[in-house]
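S.K.: structure for this input, please:
(2 chains)
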2 protein chains.
Amino acid sequence: MGDSWIGKRVPKRDAAAKTTGTIIYGHDLRRPGMLHGKILRSPFPFAKIIRINTERAAAVPGVKAILTGEDVPDTRIGLGRDNPILNRHVVRRVGDEVAAVAATSMDAALEAISLIDVTYEPLPAILDASEALKAEALLIHDTRTSNLHDKRSYVHGDPDAALLEADVVVEDTFLIPYVAPTPMEPSVVIAEFDADGELTVYTTNQAPYLMQYELGQAVEMPPGRIRIKQTAIGGAFGRGLDVYPFEAVAVLLAQATRQPVRIAYDRQEEFLAAPLRQPVKVTIKTGALKDGTLWVRDARALLDIGAYASLGTVIPVVMAQVVGSLYRVPHARYEADLVYTNNPVTGAMRGFGGPQATLFVEAQMDRLAVALGMDPLSFRLQNANRPDETTPQGLKISTCGLKECLEMVGSMRDKHKEPSPPGKRRGIGFAATLNVGGGARMHRSDGSGVIVKVDDFGQVTITTGSTEIGQGTDVVLSQIVAETLGVSISAVRFVNGDTGVAPWDVGAHASRTTFVAGNAALQAAEEARRQILETAAELLKVDTGELVMRDGSVYVRGRPELGLPLDKIMRARHFRKDGQIVQAQGWYDPPNEQVGSDMVGNLSATYSFGAQAIEVEVDTETGQVKVLRVRTANDVGRVINPMLVEGQLEGGIHMGLGYALSETLFVEGGQVQNNSFREYGIFTAFDMPPIEIQNLETHDPLGPFGAKGVGEIGVAPVAPAVLNAIYDAVGIRLNRIPARPEMVLDALETLQSNDRTSR
Amino acid sequence: MGDSWIGKRVPKRDAAAKTTGTIIYGHDLRRPGMLHGKILRSPFPFAKIIRINTERAAAVPGVKAILTGEDVPDTRIGLGRDNPILNRHVVRRVGDEVAAVAATSMDAALEAISLIDVTYEPLPAILDASEALKAEALLIHDTRTSNLHDKRSYVHGDPDAALLEADVVVEDTFLIPYVAPTPMEPSVVIAEFDADGELTVYTTNQAPYLMQYELGQAVEMPPGRIRIKQTAIGGAFGRGLDVYPFEAVAVLLAQATRQPVRIAYDRQEEFLAAPLRQPVKVTIKTGALKDGTLWVRDARALLDIGAYASLGTVIPVVMAQVVGSLYRVPHARYEADLVYTNNPVTGAMRGFGGPQATLFVEAQMDRLAVALGMDPLSFRLQNANRPDETTPQGLKISTCGLKECLEMVGSMRDKHKEPSPPGKRRGIGFAATLNVGGGARMHRSDGSGVIVKVDDFGQVTITTGSTEIGQGTDVVLSQIVAETLGVSISAVRFVNGDTGVAPWDVGAHASRTTFVAGNAALQAAEEARRQILETAAELLKVDTGELVMRDGSVYVRGRPELGLPLDKIMRARHFRKDGQIVQAQGWYDPPNEQVGSDMVGNLSATYSFGAQAIEVEVDTETGQVKVLRVRTANDVGRVINPMLVEGQLEGGIHMGLGYALSETLFVEGGQVQNNSFREYGIFTAFDMPPIEIQNLETHDPLGPFGAKGVGEIGVAPVAPAVLNAIYDAVGIRLNRIPARPEMVLDALETLQSNDRTSR
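M.R.: A predicted model of the protein is given here:
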């Protein structure tokens, strides 16, 4: 096998279509006879619905259907199985779905929505997770006995004893707020029934095969009769991992009208109704022995999941892994209460709890080092995870370059000593991350199927169930197949996004696609290769073992003059007696485990590691924190496409910097108050610092060509590295993000007054 | 294996979409940013192009591109490799492509076309095949040395000696005219390049994988970079088997404008420019021994292929088979000159030469019987093909129910003796047909690939390269798969029409799809079945041999209480350690042969047979021939779907009746003069007689569930049966079709004057 496509900076297959604006995103798609759907949402965080009058709305010209809770199945949607499609008796959050309209124009739909009269009886809203747990609290879901959605706990070793044994213990309480995934393209769906009643859903959902099932349950139709077609997806970042009421509403409006129905959020509705990253209040103690051995972590978290659970139950699993397995720690405990409130719905977002947990774990690693009188970097190096070690939590770490990654980013200090300008102080902070790198068995299957066909002209088609959300599935799978078959990348066509045609895949999450779909593609390509070589060997009258595939041809090894172009081989194979075409299938389900209620188990077939060093400059007058540079080194196994690894890391770091410093969702009275990019504070291109990326290439024994997952690894270490850098610069310890100027100034003042007091 | 879906009257899968008008035919499709293409065509049958001025056309607002012969590759399109995309120096037929425009509206395109100034120098047109062969004739293609495109000849036995040996010989010359395939949907194409330069062609072409190659050759791009997507097809009947210049023009206009370009014929343009059924002038002698043994056939045909060859070279193969192998005939010869003229282009049309040859062969069978003093039906029975016999031509006939079919239709006579009304005379005529029933190796591969997947919900998807042109591929393959997997037809999804996704198939022709794609589907379904039973056997703790698949479940044979629904098995298989999904592939290329230049060989893996009896009533005053009833009996192997077999037969008979009696294309000066349905004379629903259909079900050893092909079998015997019935009614022998009243009256008058003379 040659080595020409692996490790190459190959552009995404859709790069030209995206840059020329010809690609069809979900929002671009129109279907013949399509109606516009619009949802009427609750303005109250908690209220009884007394009555709904749709008469005036129904009179609006162009209105084709109006649905209220009475008109739709009384099912519960989403992985939490608690979210009604349209609420009948009660609303539990601002934005809760109350009624829906389908009309021939968006104007008519909007007018009709504005004319639906809903009489509410407001209830006292529960906007704080601790309040929600009080005995006297109203029940947000009256089918339950409390507002505690779930309690998850993990433990290894004896944390209580260990905390007593430890020479040094630090304790902090962190408040980690909401952020919104803010993909460029807001939520959108088109539902369309064909004349036989088969439903096609055009969607930007990230897990189409799960969506089939979820939607089927919600609208009470056989999932097999639902065909999910993904359009090009303008970002998702986890927002598209679950199914939400608007998607079922579109289906039911389409069913009612027998016309395709589109529901497309604008940016305001996206901020209001799409799921957010879960906020956490956590109290954590970390202890070490005086020789610098990390000894114990003990974290107790309160998770405000909002009015509906969605992926709330799953996210603590990832948090527990960071607590239990990032660095070698002999004793660890993680306990989390997942609490219903009347706040916005939370869901999956890139990193899946990792950013929150890495923040509180890595902020404490720094504080513990200081308390030990150690250099934070040395302390990390001393306790770094090692290759070929199973953590007490059951994570089977095979390849692991964490130590090397820390050393690589540690060298940032060597060039640090530029003097700070007057009134400004500079500092460098570190943080590391452990991320699933070989899938993550969240569902019973973590598998992926791929079909590879090669045509008479040597053109190769990959048909895959895997999802492309901008991360580069298209080019990575193309590279893997091109490499295996020794053909040009342009000879490979990538087809995905249709559950009706492509084999199953669990969806784009957990940084899994390169590893899992990549292995399936490799398997299919190898089978295609076997078929091709079988024919080539006959034609060239040699053993298949003597053959190499390269440059679109098959050669006899060591005799480059003896070769046949692939298309010739294909036609010879096809156009002869008892001819055959080349078709091959691959299926890969990684050897990982679903974790049990004890949160123990090898969730991923392998793990990726990364470290970041971030230099900040703190303006002591204004409290403004400027990020001067970021260096990141990552062990993501063999790098299949450096450009995409860089893209994932840059994107993750961008997301992490917003999390650390600027993104602020003002949720007051249960309602998101700032619902535009102008007010939300995402990092712009102008805000971004230079980023240095280094790859520490291990060779994963199970990964395709040795690769591990990289999709989420850039996000998590950013915020703790920033907090640690702020400490390095000005000596303050922040327990909240984003580190906005006013908070930094407050902390600086407190520090100065403490200094004065202590002096 | 159960027996529930085979032999059932299951509606086509697209029946609801077609009857509700929601299906998207080629003419319905619009693409974003699409331009309208229009072709300027020659008004002359033969002329030099002196100059073309496009200046005025280019000034029309909305015009995006104008192409003339100078702007396009100087390649030759079509299976005859002789048809320029746009003609540079000479036009060879009325309708020849001279220039093309793409514009933002059809109005603009039409205006621009009208403003292109072409200066022609007319040449003396060659409108008769005999004239074309004369030494002094101008060369229609100046790269050739004569207007003889090709000479095909077939012989077995010693026809010259046999003609001397024969006790009775009849000789006739038949003139068989043009007819047009007239699908409801005229020709249409949309060509669209994506941002990477991959070309997608939306088409109603019947052979998408051949189109890929042909179009690639024509426009000089790698065929692998061309993706053919078939829309729903509103009929084709062979018109869509070759690639014609308008398709390449659309591609080149799309290339020039970087926008999708649509070219859609209206009915006029369809009559003018789409290929017609090949007209034939043939002189045939048929001889028999006095004991009623058919002894020899000797036919000499002149085929006017028009200005370009298209499928002209292939059609004589089918003609030769009728001459050489319909009935047992020890000596036979077929010679054909295929001649270029400046007449319209001819191409494939349902039956592929069979209707022409069956006309002259079966008309002579009748005449020979009369000359022998035998009953025409008894003469046929005596010489009918028999099972398990290889004809001298190499046709390996396995199953053959011709004798039984003739007997079945022969019984029409029993109910015949209703007295004719005054001035009208009734008669019954017979004819038989032999048709390929197990594919036909026209191309080096006659194969077909199918993918079957079964999802977690027990929903089955068939992905096939085969073409659905209304004939019922969708439901037949669904039945085969549903039967094999014991599921409901509604649990089967049918996906085809995309070369980018589906495996190769040679296209819809030669009545091959049920046999070839059906076998591939069967193979894939059997592999899926094997995978399912493997899991079910584990779950039920029995051997797979004890299991039956029925009603969407797997049962233990003889113990119906022990069963598992398919979806449960699928999920058990998928959602376990080392889980697997069900994906399977099938590929079938029948054991048939490409015939050589001697036209000998077993073209098809099996043969279908049919017989027709037609009763007519001839109005001796007006010459009007009314068809009172048609009875047809056919051996098409096992009948998978009686409704579709009936549909094919009724459609074929409809086509044959128009051929025999009414369809008249007036081609004068090389130009089709009547270019509307009103003037062309297709049989309407009101003209159609009652049709009785009987199936003589043989069980073909190679056919899927014993089936053989049926698509073309209805057409060929109609015209000779009608001619023979007219003779039976009024004693005239017509050597031309259609048997229009004026011709019948002429013949009646001639007959009467002969009678008077002889009296």
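S.K.: residue closest to the middle of chain A?
M.R.: residue A:350 (2.7 Å; C-alpha atoms, centre = their mean).
S.K.: need the contact list for it.
M.R.: A:181, A:237, A:238, A:652, A:655, A:711, A:712, A:715 (C-beta atoms under 8 Å, 6 or more residues apart in numbering or on different chains). For glycine as for every other residue, the C-beta is placed from the backbone atoms N, C-alpha and C.
S.K.: pretty sure residue A:574 contacts residue B:504?
M.R.: Yes - the criterion here is C-beta atoms under 8 Å, and residue A:574 meets it with residue B:504 at 7.3 Å.
S.K.: which residues do these two both contact?
M.R.: In contact with both residue A:574 and residue B:504: A:456, A:581, B:445, B:447, using C-beta under 8 Å, 6+ apart.
S.K.: reformat those residues as JSON lines; add distance to residue A:414, secondary structure and pLDDT.
M.R.: JSON lines is the format used below for the shared contacts of residue A:574 and residue B:504 (distance: C-beta to C-beta, whole Å; DSSP: H, G, I helix; E, B strand; the rest coil; pLDDT from 0 to 100):
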{"residue": "A:456", "distance to residue A:414": "58", "secondary structure": "coil", "pLDDT": "97"}
{"residue": "A:581", "distance to residue A:414": "59", "secondary structure": "coil", "pLDDT": "97"}
{"residue": "B:445", "distance to residue A:414": "66", "secondary structure": "coil", "pLDDT": "96"}
{"residue": "B:447", "distance to residue A:414": "66", "secondary structure": "coil", "pLDDT": "97"}
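S.K.: who wins for most neighbours among those?
M.R.: Among the shared contacts of residue A:574 and residue B:504, the one with the most neighbours (other C-beta atoms under 10 Å in any protein chain shown) is residue B:447, at 28 neighbours.
S.K.: and the gap between it and residue B:478?
M.R.: Distance, residue B:447 to residue B:478, using C-beta to C-beta, to the nearest Å: 20 Å.
S.K.: wait, what's in contact with the nearest residue to residue A:477 once chain neighbours are set aside?
M.R.: Leaving aside its chain neighbours, residue A:477 sits nearest to residue A:521 (4.5 Å; criterion: C-beta to C-beta, 6 or more residues apart in numbering or on different chains). With contact set as C-beta under 8 Å, 6+ apart, residue A:521 has these partners: A:450, A:452, A:462, A:464, A:477, A:480, A:481, A:586, A:704.
S.K.: just confirm the fourth one contacts residue A:501, I think it does.
M.R.: No - applying C-beta under 8 Å as the test, residue A:464 and residue A:501 come out as separate, 10.1 Å apart.
S.K.: the more surrounded of the two?
M.R.: residue A:464 (29 against 22).
S.K.: and the closest residue to chain B within the stretch 51-200 of chain A, what is it in contact with?
M.R.: Residue nearest to chain B within the stretch 51-200 of chain A: residue A:195 (3.6 Å; C-beta to the nearest C-beta). The neighbours of residue A:195, taking C-beta under 8 Å, 6+ apart as the test, are B:16, B:17, B:19, B:20, B:22, B:23.
S.K.: make it 6 Å
M.R.: B:16, B:17, B:20, B:22 (C-beta atoms under 6 Å, 6 or more residues apart in numbering or on different chains).
S.K.: phi, psi for it please.
M.R.: Main-chain dihedrals, residue A:195, degrees, to the nearest 10: phi -60, psi -20.
S.K.: and for the one 5 residues further on?
M.R.: The phi/psi pair for residue A:200 (degrees, to the nearest 10) reads phi -110, psi 130.
S.K.: so residue A:179 sits against residue A:663, correct?
M.R.: Yes - with contact defined as C-beta atoms under 6 Å, residue A:179 reaches residue A:663; the gap is 4.9 Å.
S.K.: now do stretch A:748-759: distance to the chain's middle.
M.R.: 41 Å (C-alpha atoms, centre = their mean, to the nearest Å).
S.K.: ditto for stretch A:353-373
M.R.: 22 Å.
S.K.: count the residues that sit near the closest residue to residue A:371 other than its chain neighbours.
M.R.: Spatial nearest neighbour of residue A:371, excluding adjacent residues (C-beta to C-beta, 6+ apart): residue A:168 at 4.7 Å. By other C-beta under 10 Å, the residues close to residue A:168 number 19.
S.K.: any idea what residue A:168 is bridged to?
M.R.: residue A:288 (DSSP bridges).
S.K.: and it, what does it touch?
M.R.: So, once contact is read as C-beta under 6 Å, 6+ apart, residue A:168 ends up touching A:288, A:371, A:372.
S.K.: how about a cut-off of 8 Å?
M.R.: Contacts of residue A:168 (C-beta under 8 Å, 6+ apart): A:287, A:288, A:290, A:368, A:371, A:372.
S.K.: then residue A:407?
M.R.: Counting by C-beta under 8 Å, 6+ apart, the residues that residue A:407 touches are residue A:381.
S.K.: host element of it?
M.R.: Assigned by DSSP states H and E, residue A:407 belongs to helix A:402-410.
S.K.: A strand includes residue A:713, no?
M.R.: No - under DSSP: H, G, I helix; E, B strand; the rest coil, residue A:713 falls outside any strand and is assigned coil.
S.K.: near it, how many other residues are there?
M.R.: Using other C-beta under 10 Å: residue A:713 sits among 30 other residues.
S.K.: so residue A:54 makes contact with residue A:66?
M.R.: Yes - counting by C-beta under 8 Å, residue A:66 is a contact partner of residue A:54 at 4.7 Å.
S.K.: what do those two both touch?
M.R.: A:99, A:116.
S.K.: more neighbours: the two, which one.
M.R.: Ranked by neighbour count (other C-beta under 10 Å), residue A:54 and residue A:66 place residue A:66 first, with 24 against 20.
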